[in-house]
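> give me coordinates for this.
(2 chains)
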Amino acid sequence: MSNNESGALARFGVTDRDIEQALGRVKVSTVDYADLYFEYCQSESVSMEEGIVKRATKSVGQGVGVRATAGEKTGFAYSDELTPRDLNIAADTARYIANSVQGTAPVPVTHRPALARNLYPHDRATIEVATRDRVTLLNAIDAEARRYDPRIKNVMAAYNTEYKIMLVATSDGLMVGDIQPLSRLQVTCIAEENGNRQVGTFGGGGRIGLDYFQNDQRYLHFAREAAREAILNLNAVDAPAGVMPVVLGGGWPGILLHEAIGHGLEADFNRKKTSAFSNLMGKKVASDVCTIVDDGTLPFRRGSLNVDDEGTPTSRTVLIEKGILRGYITDKLNARLMGIPVTGNGRRESYQSVVLPRMTNTFMLAGESDPQDIIKSVKKGLYAVSFGGGQVDITNGKFVFSASEAYLIEDGKITRPVKGATLIGSGPDILKQVSMVGHDLKLDEGIGTCGKEGQSVPVGVGLPTIRIDEITVGGTKASS
Amino acid sequence: MTRMIGEQDYTTVAQDLLARASKQGATAADVMVADGETLSVQVRMGAVDRLTKAREKRMGLRVFFGQRSASASTSDFSRDSLDRFVQETCALAQAVVEDPVSGLPERGQLATEFPELHIHDATKLQTDEQIALALRAERAAFAADSRITNSEGGECDSSSGRIILANSHGFLGQYANSSFSLSVSPIASDAAGMQRDYWYGVNRTFAKLESPEAIGQEATRRTVRKLGARKVATCRVPVIFDPEVAGSLLSHLCSALSGYALYKGASFLIGQLGQQIAPDFVTIYDDGRMAGGLGTRPFDGEGLPTRKQAVVERGRLTSYLLDTYSGKKLGLPSTGNAARSIGESPSAGPTNFYMVPGTTRPEDILASVKQGLYVTDLIGFGINMVTGDYSRGASGFWIENGELAYPVEEITIASNLKQMYSTIETIGSNLVFRGRIASPTVKIAEMMVAGN
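Numbering: from 1, shown residues only, chains lettered A, B, ... in the order given. Predicted coordinates for the structure are as follows:
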């Protein structure tokens, strides 16, 4: 199938006429904007534990979401049936907010741009891998992790794929479709020694296929990394508690940016003035060494999209430039209400959810410091290289993220591994504490899922090695 | 149980699917069908912000070929699609490895009685009624204090649905449930900045939902008291958990007691059955039959009857949370705690899970602390289920001489869950069900607080 709307239309069994009539029904004069979002999604997961691949699940879903916005209001309805009758019922429900009778003039959908680029060309067969190939891969992972160290007592691994076809038709007269593949491989190891049990995880993926994991036997690298982290944690000491300098390694620790500033710069919170960043545009919110972007155009990345879920091509948005707050992340509704540019960040989990401004791939640009010098600069602190999840309170700006692999730095040297600990800070302040930025920008492996208003979407983050002069570390050991 | 239009169709579809699976060579199978409708209204600053209306349905099939099995789900119920759906699910099962423990529960274990549990209220709210409720709650929040200057909005949701479960042992069970909820999230501000909190009510019966005014006023009380929050110095002190966050300690207990976490070696409570894990005044129940409970259901995700059982009795761990599979892995019978997402194989989880209240009034617990922390909010995911290590972002109040002295934020609390359960010092007399998991106020002897 070609990566455009004609194939998608055939898939959904709807005609241009059905779409134009439904749009006409909902786009009355008091409605500013309306769209229909069709989605078909097939996902498959095969997982292994205790050395056997025992679980396989498959799910198929399709439906349409119809949305209307009028002023600040949004009316939304969805259906898992795609008949013209169901489209019309959904259109009537979405229009309820406009207090208006149904429209009768179809809205012509004439603008059908061919995608200017394809960030994730793929062969469907490499995404929807035969179950037996997944089984082979997972068995090899189990063997490799156990070979890594006999103290690895259990290996859990899962290979998940998603094949999503979307088509959006808007009252601007735009119709655009996209095929969005997504694959992810996740490995968890449990190590045990003298009754001490520890866990290690590693995962990755993106809008890629099986070949990505097979290249250079990357899947075996995943197994070894998960095993290594579990074994390392067998010797971890209690994490320190209190304020101290922290060096973050490159890649996934970029979750700091996602929590500390990314969410706070989503346009909806700023339009409502409920974000700790409201009214800080053009102001200094970070040190001069910090430039941060959100970029949905990186080939094959988990957070990338050819077009967002409103049909807008994704872009690279500068959020913070040399410490100055420069931009918000927008969807059509918030861009219109705030009078600022649409950045192609209107995303939704599925046809069952409304569009919200969301991040894509959020990262800090490389600086000039040598990563070794950054570690050497710390007399006593923490070096954190891997993290679990994070969370932020948008309104007061307080955010947390929890380390899963971290070490003490003593006299400029990395010494002992420490147990996981949560780091807590304040979004508008923390980046002012960044005094050194490494030249080693790294993007994460492709495991991020961001939750907002109950909707999950895949995202990416990235970070060079950085030094934060002061942040609160939530360990259990009082500093001496 | 209330009968709904179309009920017959879905039981027929379920049985038809079982027949097709059997024809394809499946030695056993089960089918779960769910459908429901939702109306969600969000208002903000006195006007409608978002209106969402939907009807959906989904069907999940699990097939066994001897001891190989696979699951699948679809929202496409058309005859032609179902044929392919069954075929694909069967092909998937034949591609995985034999698992000697897999299988349906024994026929004799399946539920045969379906008592009235008061989990379905047929009340249908009109869109305008829900808008009015949400507006009233937000208005009450604003009226309660002039420092409320903004709002994340009020929300009123209603939903109803039903679950049908059938398996190749001849089990066929179904139930309907409903849910009504109302919440509001006001924002308070002063010279120092903004704070947000929220309050909510949720009930299976509409008439039992708290009034919008009560919800709005409580939301504002919880929000304005956070204004002026500051950090405190790093220290080791007693920590009191407000009931809203004390429930999270029980959620972690549920995760650690899930049969799947236990047999995989991924729980800090491995091998603790029969052991003392908390002081002798701690008793915790899981009760799947509590009338009107948000976790109540007549049968679990495999068709076994739900029940009321002590999980912790006088501090001793008396039961895990098990389904058939995880039970077999541990050499124990299912506890009727199979949880099921459509199209997934079962997992094990709580129904209505609560700590039996103590005799101490919450204010007396507070009075017992000379210097310590009263936690009202927790954020982040700093919990290691394998080791029990615990480190989360917190906010709440600093306690001085038995009284809340000032609000605090940007701190963490850390310990180990095993240690925390065993050093519970006092349990409050206040237990209110506001979700499937409920706890009174809980005081932990000591935790590490990291701040300045």
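
> helices along the stretch 151-300 of chain A, start to end?
Listed in chain order, the helices of the stretch 151-300 of chain A (DSSP state H, counting those that start in this stretch) span A:210-214, A:218-234, A:255-257, A:267-271.

> now do the contacts for the closest residue to chain B within chain A.
Here the residue of chain A nearest chain B is A:Gly474; by Cβ to the nearest Cβ that distance is 2.6 Å. To be clear about C-beta, it is placed using only N, CA and C from the backbone, and glycine gets the same treatment. Counting by Cβ atoms under 8 Å, 6 or more residues apart in numbering or on different chains, A:Gly474 makes contact with A:239, A:241, A:400, A:421-424, B:382, B:391-393, B:411-414, B:448, B:450.

> relative to B:Pro238, how far out is B:Glu409?
19 Å (Cβ to Cβ, to the nearest Å).

> of these two, which one has the most company?
More crowded of B:Glu409 and B:Pro238, by other Cβ atoms under 10 Å in any protein chain shown: B:Glu409, with 24 against 21.

> and that one, that one's in a strand?
Yes - judged by DSSP: H, G, I helix; E, B strand; the rest coil, B:Glu409 forms part of a strand.

> interface residues of the stretch 101-250 of chain A facing chain B?
Residues of the stretch 101-250 of chain A lying near chain B by Cβ under 8 Å from any Cβ of the partner chain: A:130-132, A:135, A:153-154, A:156, A:188, A:190, A:192, A:197-199, A:239, A:241-243.

> checking A:Thr395 next. Helix, strand or coil?
Going by three-state DSSP: A:Thr395 is coil.

> what values do phi and psi take at it?
phi -70, psi -50 (degrees, to the nearest 10).

> please apply the same query to A:Ser287.
Dihedral angles (degrees, to the nearest 10) for A:Ser287: phi -70, psi 160.

> from B:Ile187, how far out is the nearest residue to B:Gly193 once chain neighbours are set aside?
Using Cβ to Cβ, 6 or more residues apart in numbering or on different chains and skipping residues adjacent in sequence, the residue nearest B:Gly193 is A:Asn396, 6.3 Å away. Distance, A:Asn396 to B:Ile187, using Cβ to Cβ: 10 Å.

> can you check A:Asp238 too?
From A:Asp238 to B:Ile187 the distance is 38 Å (Cβ to Cβ).

> which one of the two has more residues nearby?
B:Ile187 (23 against 16).

> report the contact partners of the nearest residue to that one once chain neighbours are set aside.
Closest residue to B:Ile187 apart from its sequence neighbours, by Cβ to Cβ, 6+ apart: B:Asn150 at 4.0 Å. By Cβ under 8 Å, 6+ apart, the contact set of B:Asn150 is A:272-274, B:45, B:186-187, B:189, B:194.

> can we see that at 7 Å?
A:273-274, B:187, B:189 (Cβ atoms under 7 Å, 6 or more residues apart in numbering or on different chains).

> okay, buried residues for the helix or strand encompassing it please.
Take DSSP states H and E as the rule and B:Asn150 turns out to sit in strand B:148-167. For strand B:148-167, a neighbour-count test (16 or more other Cβ atoms under 10 Å in any protein chain shown) marks B:148, B:150-158, B:160-167 as buried.

> tell me where the stretch 101-250 of chain A has strands.
A:152-170, A:175-193, A:196-206, A:240-248 (DSSP state E, counting those that start in this stretch).

> so which of these gets nearest A:Tyr351?
strand A:152-170 (8.4 Å; Cβ to Cβ).

> given the closest one, what are its sheet partners and their directions?
strand A:33-49 (antiparallel), strand A:175-193 (antiparallel) (DSSP bridges).

> let's have these in CSV, adding mean pLDDT and mean neighbour count.
Putting the strands paired with strand A:152-170 into CSV (pLDDT from 0 to 100; neighbours: other Cβ atoms under 10 Å in any protein chain shown) gives the following:
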stretch, mean pLDDT, mean neighbour count
strand A:33-49, 94, 22
strand A:175-193, 95, 23
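
> out of those, which is closest to A:Lys283?
Using Cβ to Cβ, the strands paired with strand A:152-170 put strand A:33-49 closest to A:Lys283, at 31.1 Å.

> are there helices or strands packed against the helix or strand following the closest one, and which ones?
Sequence order places strand A:52-70 as the next helix or strand after strand A:33-49, per DSSP H and E. On a contact count with 3 or more Cβ pairs under 7 Å, 6 or more residues apart in numbering or on different chains; DSSP states H and E, strand A:52-70 meets helix A:16-26, strand A:33-49, strand A:73-79, helix A:84-94, helix A:131-148, strand B:68-74, helix B:79-95.

> just the buried positions in strand A:52-70, please.
Buried-residue list, strand A:52-70, by 16+ other Cβ under 10 Å: A:52-70.

> return the angle between stretch directions for it and helix A:84-94.
60 degrees (axes from the mean of the first three to the mean of the last three Cα atoms, to 10 degrees).

> need the three-state assignment for residue 31.
Because you didn't say which chain, this covers chain A. Assignment for A:Val31 (three-state DSSP): coil.

> who touches A:Ile152 in this structure?
A:Ile152 touches A:145-146, A:189, A:191, A:227, A:230, counting by Cβ under 7 Å, 6+ apart.

> quick one: contacts of stretch B:253-268?
Contacts of stretch B:253-268 (Cβ under 7 Å, 6+ apart): A:49, A:153-154, A:156, A:190, A:197, A:199, B:269-270, B:311, B:320-323, B:326-327, B:329-330, B:347-350, B:353, B:385-388, B:417-418.

> C-alpha coordinates for it, CSV please?
Provided in CSV are the C-alpha atoms of stretch B:253-268 (Å, rounded to 0.1, in the frame of the first residue of the first chain):
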residue,chain,number,x,y,z
LEU,B,253,1.2,-4.3,48.6
CYS,B,254,-1.2,-5.6,45.9
SER,B,255,1.6,-5.5,43.3
ALA,B,256,3.9,-7.4,45.5
LEU,B,257,1.2,-10.0,46.3
SER,B,258,0.3,-10.6,42.7
GLY,B,259,1.0,-14.3,41.9
TYR,B,260,2.7,-13.2,38.7
ALA,B,261,5.3,-11.0,40.5
LEU,B,262,5.8,-13.8,43.1
TYR,B,263,6.5,-16.7,40.8
LYS,B,264,8.7,-14.6,38.5
GLY,B,265,10.9,-13.6,41.5
ALA,B,266,9.9,-10.0,41.0
SER,B,267,8.4,-9.3,44.4
PHE,B,268,9.9,-8.3,47.7
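
> avg pLDDT for that stretch?
Stretch B:253-268 comes out with an average pLDDT of 97.

> chain center to that stretch: distance?
17 Å (Cα atoms, centre = their mean, to the nearest Å).

> sorry, back to before: now the element after the strand holding B:Asn150, going C-ward?
Strand B:148-167 is succeeded, C-terminally, by strand B:172-190 (DSSP H and E).

> what lines up beside that following strand in the sheet?
strand B:148-167 (antiparallel), strand B:193-196 (antiparallel), strand B:199-203 (antiparallel).

> which ones are touching B:Ser75?
A:61-63, A:80, B:56-58.

> ranking helices and strands of chain A by mean pLDDT, which lands last?
helix A:5-12 (a mean of 66; mean pLDDT, DSSP states H and E).

> apologies, that question was intended for chain B.
helix B:7-23 (a mean of 88).

> show me what counts as buried in that helix.
Here helix B:7-23 shows B:7, B:10-11, B:13-15, B:17-18, B:20-21 as buried, counting by 16+ other Cβ under 10 Å.

> overlap in contacts of A:Asn396 and B:Ile187?
B:Met194.

> about what we covered before: tell me the most packed of the contacts of B:Asn150, by neighbour count.
B:Ile187 (23 neighbours).

> hmm, B:Arg147 and that one touching each other?
No - B:Ile187 lies out of contact with B:Arg147 (Cβ atoms under 7 Å); the separation is 9.6 Å.

> related to what we said a few turns ago, now do the residue of chain A closest to chain B against B:Ile379, distance only.
A:Gly474 is 11 Å from B:Ile379, by Cβ to Cβ.
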